[in-house]
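Visitor: I would like the atomic coordinates for the input below:
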Amino acid sequence: MGCGEGEVVARSDLLALSDEDLSALTNRGTLKRAHKEVGTLDAEIEESDDGDLTVRWSDGPICSIPADATLDQGTCPCAAHPPCRHLVRSVIAYRQSSNTVSSAPQAAQAWDPGSISDENLGRWFKKAALTRARSVFEQGLAAELIRSTKPTARLYQHACTVRFLVPGDPRYTYCDCVEEAPCSHVPLAVLAFRLLGDEKTSGVVDTATSPPEGPRALLDGVERVLLDMGQLGVSGAAQNLSRSLARFRDRLEHEQLQWLASVLTEVLEEHARYHANDALFSSERLAQRVGELLIRIDATRSRECDVPSFFVRGGVLAKETRARSGRYVGLGTAVEPAQVGPIFTTYLVDTDSGNVVTVERRFQDPQSTEPKSFWELGQTISGAGTTIYALGAGQLLSRGGKRSQTHRLDLGRTRAVVNPQRFEWEQLRAPVAIESFREAAEHLRSLPPAALRPRVGVEDLFVVPIDTVEEPHFSEA
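Guide: Numbering: from 1, shown residues only. The predicted model follows:
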């Protein structure tokens, strides 16, 4: 490799991009091929005093990344959509070149995206876009923030996660929405980081200064019915209890109290199981759901609750977010028996963001035929034209879809294909991948109690590396 003569002005933005970042901006296949070609080809690297970077490759392509351009804005004579593998290998070669190693930071340090100034944001976002972002921000936004070498902001209402790749540069961000970077969620994340205390490295912030007061008459009515059930028991409660609860559930949904309505739906299901003499009825589960609903009612009525209002009651903003193309690795499928039929929930992790989404399939057992076993139902065709079993044990390549606030992925008519996976879970990234059970416990302790958290269903799912396996055996039961 050769470098142009003259003083080198190191492109700190390109030097800050790790292999993991390059993989997120392109894909693992492109990165792997780029690394292989860097090891076999020669590159002549030239950098102007202003920071314009040009890389001439021995196999022909001449790649250029102007000083004020990001990687995906670079130019290459090939027909591939940038950033192509030639641009990716140019960054790798630039990173490895002897003239820039001394200019690279010795060790990556944690930084705060809240330090990105309004002036800096104004360089890359139109004034109207920033005005809309501030309006959304002031309406009330709940975000889980982590300051690190690659800070992340999980925006609950928008069902997306923003990861900052280069210190101080809002252009280099990855978001699992469908918008091009930098997307409209970046200003929201920057504003949220400004609310996180300087002494904290992580935490949850809520921008709603005064959450709207809950409909007291409705909440009082639900509470009275639940207390009557507690005093009289399910068997002694009024016969029209289910109709009353169903009406309350519909009114809660109308008032945008989604989490309360979700808990009440589960109370209704347990009530129905009891009166149907269903062996799946659980008095303990019913008591837990009633207790959770009473806690959420108290928190919704309170004007001094420290928990974000979205965590307590549900969202009032975007109900669905368009998902970008991506690769999802299956983490298995859970089966929940229900009165009308079992519910199969497949857990998939986005390899770029580390976030978990679910694909759900509900079955209704016909009364006239013998119900099928779980393994037989697992062979049923699910999303992406494959079986439930294959989806949970494979990897999904999707061209898009929609993701709800509860992280449920709806592929719709999106082009998707499922292939086998190699179970290389050591390559998964945070937040699903953690180092130990202690780290998981510390993370959960930083969040509100489970009864006052979003009813997402993937909050407590982690991938933990195994140290040793002792005395493995098969349990027939």
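
Visitor: in the stretch 351-477 of the chain, where is pLDDT below threshold?
Guide: Where the stretch 351-477 of the chain drops to pLDDT under 70, the residues are 365-369, 383.

Visitor: run through the helices of it in chain order.
Guide: 374-377, 388-393, 437-445 (DSSP state H, counting those that start in this stretch).

Visitor: to Ala153, which of these lies closest?
Guide: With respect to Ala153, and counting by CB to CB, the nearest of the helices of the stretch 351-477 of the chain is helix 437-445 at 15.6 Å. C-beta coordinates here come from the backbone N, C-alpha and C atoms, glycine included.

Visitor: buried sites along the closest one?
Guide: By neighbour count with 16 or more other CB atoms under 10 Å, helix 437-445 contains the buried residues His443.

Visitor: which residues touch that helix?
Guide: Helix 437-445 is contacted by residues 431, 434, 460, 462, 464 when judged by CB atoms under 8 Å, 6 or more residues apart in numbering.

Visitor: again, but for stretch 290-298
Guide: By CB under 8 Å, 6+ apart, the residues outside stretch 290-298 that reach it are 214, 219, 222-223, 226, 229-230, 259-260, 263-264, 267, 312-313, 451-452.

Visitor: buried ones among these?
Guide: 214, 219, 222, 226, 229, 259-260, 263-264, 267, 312-313, 451-452.

Visitor: now secondary structure too, for those residues, in TSV please.
Guide: Formatted as TSV, the buried ones among the contacts of stretch 290-298 follow (DSSP: H, G, I helix; E, B strand; the rest coil):
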residue	secondary structure
Gly214	coil
Leu219	helix
Val222	helix
Leu226	helix
Met229	helix
Trp259	helix
Leu260	helix
Val263	helix
Leu264	helix
Val267	helix
Val312	helix
Arg313	helix
Ala451	helix
Leu452	helix
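
Visitor: quick one: list the elements packing against the longest strand along the chain.
Guide: Using DSSP state E, we find that the single longest strand of the chain is strand 326-336. Secondary-structure packing of strand 326-336 (3 or more CB pairs under 8 Å, 6 or more residues apart in numbering; DSSP states H and E): strand 343-350, helix 388-393, strand 394-398.

Visitor: what about the helices of the stretch 351-477 of the chain, which gets the closest to Val418?
Guide: Of all those, helix 388-393 sits nearest to Val418, with 5.7 Å by CB to CB.

Visitor: what's the local residue count around the nearest residue to Gly203 once chain neighbours are set aside?
Guide: Spatial nearest neighbour of Gly203, excluding adjacent residues (CB to CB, 6 or more residues apart in numbering): Leu196 at 5.5 Å. For Leu196, the neighbour count with other CB atoms under 10 Å is 21.

Visitor: strands of the stretch 151-300 of the chain, start to end?
Guide: Secondary structure of the stretch 151-300 of the chain by DSSP state E, counting those that start in this stretch: the strands cover 152-155, 160-164, 173-175, 202-206.

Visitor: which of the ones you listed sits most buried?
Guide: Burial of these is given as mean neighbour count (mean count of other CB atoms under 10 Å); strand 160-164 ranks first at a mean of 27.

Visitor: residues of stretch 125-145 that come out buried?
Guide: Buried residues in stretch 125-145, defined by neighbour count with 16+ other CB under 10 Å: 125, 129-130, 133, 136-137, 140-145.

Visitor: and the contacts of stretch 290-298, which is the shakiest by pLDDT?
Guide: Across the contacts of stretch 290-298, the smallest pLDDT goes to Gly214, namely 74.

Visitor: okay, the buried residues of stretch 125-145 in JSON lines with secondary structure and distance to Leu191 next?
Guide: What follows is the buried residues of stretch 125-145, written out as JSON lines (DSSP: H, G, I helix; E, B strand; the rest coil; distance: CB to CB, whole Å):
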{"residue": "Phe125", "secondary structure": "coil", "distance to Leu191": "12"}
{"residue": "Ala129", "secondary structure": "helix", "distance to Leu191": "13"}
{"residue": "Leu130", "secondary structure": "helix", "distance to Leu191": "10"}
{"residue": "Ala133", "secondary structure": "helix", "distance to Leu191": "7"}
{"residue": "Val136", "secondary structure": "helix", "distance to Leu191": "10"}
{"residue": "Phe137", "secondary structure": "helix", "distance to Leu191": "5"}
{"residue": "Gly140", "secondary structure": "coil", "distance to Leu191": "13"}
{"residue": "Leu141", "secondary structure": "coil", "distance to Leu191": "8"}
{"residue": "Ala142", "secondary structure": "strand", "distance to Leu191": "13"}
{"residue": "Ala143", "secondary structure": "strand", "distance to Leu191": "9"}
{"residue": "Glu144", "secondary structure": "strand", "distance to Leu191": "15"}
{"residue": "Leu145", "secondary structure": "strand", "distance to Leu191": "11"}
